[in-house]
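**Student:** Any chance you can model this:
(chains A and B)
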Amino acid sequence: DVKVTQSSRYLVKRTGEKVFLECVQDMDHENMFWYRQDPGLGLRLIYFSYDVKMKEKGDIPEGYSVSREKKERFSLILESASTNQTSMYLCASSLLGIRGQGGVGEAFFGQGTRLTVV
Amino acid sequence: AQSVSQHNHHVILSEAASLELGCNYSYGGTVNLFWYVQYPGQHLQLLLKYFSGDPLVKGIKGFEAEFIKSKFSFNLRKPSVQWSDTAEYFCAAFNTGGFKTIFGAGTRLFVKA
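**Tutor:** Numbers count the residues shown, from 1 in each chain, chains lettered A, B, ... in the order given. Modelled structure (predicted):
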């Protein structure tokens, strides 16, 4: 079974703090993703990475950065946390694959980190 | 822009009622399609997926979905829901020419016992 592990289930941080959210996957997946989940808005992609040291902006990258120094680990960084970043953060991984290969795109999710910025 | 639309944000059903959740996507090319479910307090997990072949796909727990290419739709169905189906359901699409999976806004299903 694929396992995606997020370092914290709950975090409470103060406005202006630098926040690190860590994610590790154990299935040698090329792709890793960070989403935030808010009621009525579904999952919105923040950043994704398709290889070590590679990163791409998603739909809502402002206020966030990421780091992928090793294939299995993908970190999300809030440079200066703000109250509007209070949310559930989900990490996911998937195979990269080649075009048309079955299984491409199926994502495996971590348990999520509920971040509250006060 | 690529997008996935789910028709209902909230659905309330009684046990044994039939369920259909609508999903439309806007990709023009080849897509892989998914339904994920999130039970209260649990992580997102795959319910079913479509890559190619028979457009009617069956998933876990009696769920099925039908891919209709001409309508860009991938609706989720279950003939008879149970209280334990109370969850949030997300439709998702992956453009096989790209890297990203796009999710719909989600549908919260509440099943009355």
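
**Student:** Please make it C-alpha for all contacts and neighbour counts, starting now.
**Tutor:** Fine.

**Student:** need the helix or strand of chain B with the lowest average pLDDT.
**Tutor:** Every helix and strand in chain B was compared by mean pLDDT, DSSP states H and E; the lowest is strand B:101-103, with a mean of 85.

**Student:** ok, it: who's next to it in the sheet?
**Tutor:** strand B:87-95 (antiparallel) (DSSP bridges).

**Student:** Restricting to C-alpha, output the partner strand in CSV.
**Tutor:** Taking Å, rounded to 0.1, in the frame of the first residue of the first chain, the C-alpha atoms of strand B:87-95 are listed here in CSV:
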residue,chain,number,x,y,z
ALA,B,87,-19.2,11.7,3.2
GLU,B,88,-17.8,14.3,0.9
TYR,B,89,-17.3,13.1,-2.7
PHE,B,90,-14.9,14.7,-5.2
CYS,B,91,-14.7,14.3,-8.9
ALA,B,92,-11.3,14.7,-10.5
ALA,B,93,-9.8,14.7,-14.0
PHE,B,94,-6.2,14.2,-15.1
ASN,B,95,-5.2,15.4,-18.5
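
**Student:** Quick one: mean pLDDT for that strand?
**Tutor:** Per-residue pLDDT over strand B:87-95 has a mean of 91.

**Student:** following the least confident helix or strand of chain B, which helix or strand shows up next?
**Tutor:** Next in sequence after strand B:101-103, counting helices and strands by DSSP states H and E, comes strand B:107-112.

**Student:** Residues contacting that next one, please?
**Tutor:** B:6, B:8-15, B:21, B:81-90 (Cα atoms under 8 Å, 6 or more residues apart in numbering or on different chains).

**Student:** Helices along chain B, start to end?
**Tutor:** With helices called from DSSP state H, chain B shows none.

**Student:** Write out the residues of it neighbouring chain A.
**Tutor:** Residues of chain B lying near chain A by Cα under 8 Å from any Cα of the partner chain: B:9, B:32, B:34, B:42-46, B:51, B:90, B:94, B:96-97, B:99-106.

**Student:** and the residues you listed, which are buried?
**Tutor:** Buried by 16 or more other Cα atoms under 10 Å in any protein chain shown: B:9, B:32, B:34, B:44-46, B:51, B:90, B:94, B:96, B:99-106, out of the residues of chain B next to chain A.

**Student:** Of the contacts of strand B:107-112, just the buried ones, PyMOL syntax please.
**Tutor:** Selecting the buried subset of the contacts of strand B:107-112 in PyMOL, with 16+ other Cα under 10 Å as the burial test, is done by:
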select buried, chain B and resi 6+9+13+15+21+81+82+85+86+87+88+89+90
